[in-house]
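[1] Got a sequence here, can you build the structure:
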Amino acid sequence: MSRIRPLSPELVNQIAAGEVVERPASVVKELVENSLDAGATRLEIDIEDGGARLIRVRDDGAGIPADELPLALAQHATSKIATLEDLEHVRTLGFRGEALASIASVSRFALTSRAAGADTAWRIAREGGQLDPARPAQHPQGTTIEVRDLFHNVPARRKFLRAERTEFGHIDELVKAIALARPDVDIRLTHNARPLRLLRPANDETALGARVGDILGEEFPADSLRVDHAAAGLRLSGWLGQPTASRSQPDQQFFYVNGRLVRDRVVTHAVRQAYADVLFHGRHPAYVLFLELPPEGVDVNVHPAKSEVRFRESRLVHDFLYRTLNEALAQTRAGRAGDFASGIETPPVPASESTGMSRPATRALDGSWNRPNQHGLGLGVREPLVDYAALFGAASASVSNAVPPDATLSAADVPPLGFALAQLAGVYVLAENAHGLVLVDMHAAHERITYEKLKTARACDGIHAQPLLVPLSLALSEREAAAAQDHAEELAALGFEIARGGPQSVIVKRYPGILDGADVAGLARDVLGDLAAHGNSRRLQETQNEILATMACHGSIRANRRLTLPEMNALLREMEATERSGQCNHGRPTWVQLPMAELDRMFLRGR
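    Modelled structure (predicted):
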């Protein structure tokens, strides 16, 4: 080996660039974050050849004084922190002081800036390790940075750049993420001199929703729940996608911590658990969420690209996120405004077991309702008629008879899911509400209703522990064995009694009775693994929920069950009153709204 010697400053910066500058989008991120830290209210981002030829970012921020321009390109020079205490209370997006030096070392770099109150602007350039002296220039208050020929002096890195379209796609996604976090900033993006995004500042809730719609599609705000909740020094706000608006890819998941877009396993785990009861398998939720907490509660100095964070109280954050999101999703009920499933891509549903058509209920010309006879509406009946008066209670049964006597009822008098008209193919309930036609999958809907009732009963009665005839000894890691000891009370509340048997072993004495027949050893290992890794575990509840879901599925009305109009209306009223009733236990939609405007388009009315 050769002798130990210090690296040249240029080589140090190029090595740092390997961590900071992954691709052109990384450069845009660093430059835009600097602009936002400087108080910019307007950003112009010009890209050529996907960023390989040119990246230009212009802002109207505070600017840089002429005598500080050389320092701006020096390694580890910054105006954002000065002491260790500052680092523990970082409020800016950037703070390392290495981005500009790294970017300048692998490009042809120029910076022009005019500080607030200065008479003139100054320009400084750097190429091939040579820093040109600053010279006067024309420029309004703010800063413009030009990065040309990225990686021109590092051919090996340039070979890793993808096609122009791919690289610009990464830049566009980054700009979208920044625009979501800073709706107060005017952002303009061009590619090869062609304007592609013009995002005006949003100063009120209406404009904010419109801006979010411009970025993620106009249907996103309508298919989302607005969230804003604070507790324990934490605040979560933003948009939470409805389960029925889930996506095949996790391409619309934006999570910000104190304004910084991050990817964090604590966050991902909490979100996944919150959606576990309502999301179809293989689907991904969409969301734009902002978590705010004191700066000292999060360490942002754990990743060179600042894309990861570490929470000082990760369990508190996890529980807060889960409870807030779970509560928001629990409040979704079929028929509520903003919960319409019309036009939303949904997973396939099983084919009907019957091809028979039911005889519909109709309204006479005078507006009165003609009900079919009490023998029901479906064909091929194989099971006795369900007694909804007994199943749903007297209150539901009385409401179920509320069929409108005429067609003059106002929209306010019509329930969200309307009134039943008929049953189709022994599978679907057809109803009319103030918006048009409602289609309900009666088995899926009743499955969710039954499932929620079972969960409520479990919560009221508690979890009964079942003793093992022969206590079960498990060999675990020392960390997992310690988790059994540290979380003994929590485990007991879940129906588990697990005692520590040694440094790397535990003894399972009791398990939740509802899990009779389950793999107790495997479940205990999984639960203790979660407790050791995350400080909490929902595996017991999830496993219990799976069993309750199976019970609900087998206990719900099946295809080809004939229902009377009162029974159908009772089902609709129960759906409106049941949490998460927009989806069945497997995440499939339970109902679809077909608005009158859409029906008119189908039949070419008004053309």
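[2] Give me the next element, helix or strand, following whichever strand or helix holds E447.
    Counting by DSSP states H and E, the element that carries E447 is helix 442-461. Using DSSP H and E, the helix or strand that follows helix 442-461 in sequence is strand 465-475.
[3] in that following strand, what's buried?
    Neighbour counts over strand 465-475 (16 or more other Cβ atoms under 10 Å) mark 465, 474 as buried. Bear in mind the C-beta positions are built from the backbone N, C-alpha and C, glycine included.
[4] chain center to that strand: distance?
    Remark: strand 465-475 is offset 39 Å from the chain centroid, using Cα atoms, centre = their mean, to the nearest Å.
[5] mean confidence for it?
    Averaged across strand 465-475, pLDDT comes to 91.
[6] Neighbouring strands - and their directions - for that strand?
    Sheet pairing for strand 465-475, assigned by DSSP bridges, gives strand 505-512 (antiparallel).
[7] Just name the shakiest helix or strand of this structure by mean pLDDT.
    strand 362-363 (a mean of 35; mean pLDDT, DSSP states H and E).
[8] Check the secondary structure at R580 for me.
    Reduced to three states with DSSP: H, G, I helix; E, B strand; the rest coil, the structure at R580 is coil.
[9] beta partners for the spatially most central residue of the chain?
    Note on the chain: the residue nearest the mean C-alpha position is Y287, at 3.0 Å, using Cα atoms, centre = their mean. Going by DSSP bridges, Y287 is paired in beta bridges with L240, Q253.
[10] Wait, it touches Q242, no?
    No. Y287 is beyond contact range of Q242, at 10.3 Å (criterion: Cβ atoms under 8 Å).
[11] Quick check: neighbours shared by those two?
    S224 (Cβ atoms under 8 Å, 6 or more residues apart in numbering).
[12] what bits of the stretch 201-350 of the chain have low per-residue confidence?
    Within the stretch 201-350 of the chain, the stretches with pLDDT under 70 are 304-306, 336-350.
[13] all strands in the stretch 51-200 of the chain, in order from the N-terminus.
    Ranges of strands in the stretch 51-200 of the chain, per DSSP state E, counting those that start in this stretch, are 54-59, 108-114, 121-127, 130-131, 135-137, 142-148, 186-191, 194-199.
[14] Please apply the same query to the stretch 351-500 of the chain.
    362-363, 369-370, 419-424, 428-433, 436-441, 465-475, 497-502.
[15] Now the third one: buried residues?
    What it means is strand 419-424. Buried residues in strand 419-424, counted by 16+ other Cβ under 10 Å: 419-424.
[16] Save the strands of the stretch 51-200 of the chain as TSV, and put in distance to E598, mean neighbour count and mean pLDDT too.
    Output for these, formatted as TSV (distance: least, Cβ to Cβ, whole Å; neighbours: other Cβ atoms under 10 Å; pLDDT from 0 to 100):
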stretch	distance to E598	mean neighbour count	mean pLDDT
strand 54-59	44	22	98
strand 108-114	54	22	96
strand 121-127	56	20	94
strand 130-131	63	12	86
strand 135-137	58	12	95
strand 142-148	48	23	97
strand 186-191	34	19	98
strand 194-199	30	14	96
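[17] Distance check, the nearest residue to H487 once chain neighbours are set aside against Q485.
    Residue nearest to H487 in three dimensions, not counting chain neighbours: L531, with 5.1 Å by Cβ to Cβ, 6 or more residues apart in numbering. Separation of L531 from Q485 (Cβ to Cβ, to the nearest Å): 10 Å.
[18] Settle it for me: which of these two has more neighbours?
    L531 (21 against 12; other Cβ atoms under 10 Å).
[19] part of a strand, is the more buried one?
    No. Using three-state DSSP, the assignment for L531 is helix, not a strand.
[20] contacting residues around it?
    Here L531 is in contact with 480, 483-484, 486-487, 490, 537 (Cβ under 8 Å, 6+ apart).
[21] Identify all contacting residues around the helix or strand A207 falls within.
    A207 belongs to helix 205-216 when assigned by DSSP H and E. With contact meaning Cβ under 8 Å, 6+ apart, helix 205-216 is reached by 176, 179-180, 183, 199-202, 219-221, 239, 252, 286, 288.
[22] quick check: angle from that helix to strand 186-191?
    20 degrees (axes from the mean of the first three to the mean of the last three Cα atoms, to 10 degrees).
[23] Quick check: closest non-adjacent residue to A177.
    With sequence-adjacent residues excluded and distances taken as Cβ to Cβ, 6+ apart, A177 is closest to L261, at 5.0 Å.
[24] In PyMOL, how would I select the buried members of the contacts of helix 205-216?
    Entered in PyMOL, the line below selects the buried ones among the contacts of helix 205-216, by 16+ other Cβ under 10 Å:
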select buried, resi 176+179+180+183+199+202+220+221+239+252+286+288
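[25] Now flag whichever of the contacts of helix 205-216 is closest to R458.
    A286 (30.5 Å; Cβ to Cβ).
[26] The closest one touches S248, doesn't it?
    No. Between A286 and S248 there is no contact under Cβ under 8 Å: 11.0 Å.
[27] rewinding a little: okay, buried residues for the helix holding A207 please.
    By neighbour count with 16+ other Cβ under 10 Å, helix 205-216 contains the buried residues 208-212, 214-216.
[28] Which of these sits closest to N569?
    Out of those, the member with the shortest distance to N569 (by Cβ to Cβ) is G209, at 34.5 Å.
[29] Read off the pLDDT value for the closest residue to P595 other than its chain neighbours.
    Nearest non-adjacent residue to P595, counting by Cβ to Cβ, 6+ apart: G436, 4.5 Å away. On pLDDT, G436 comes in at 93.
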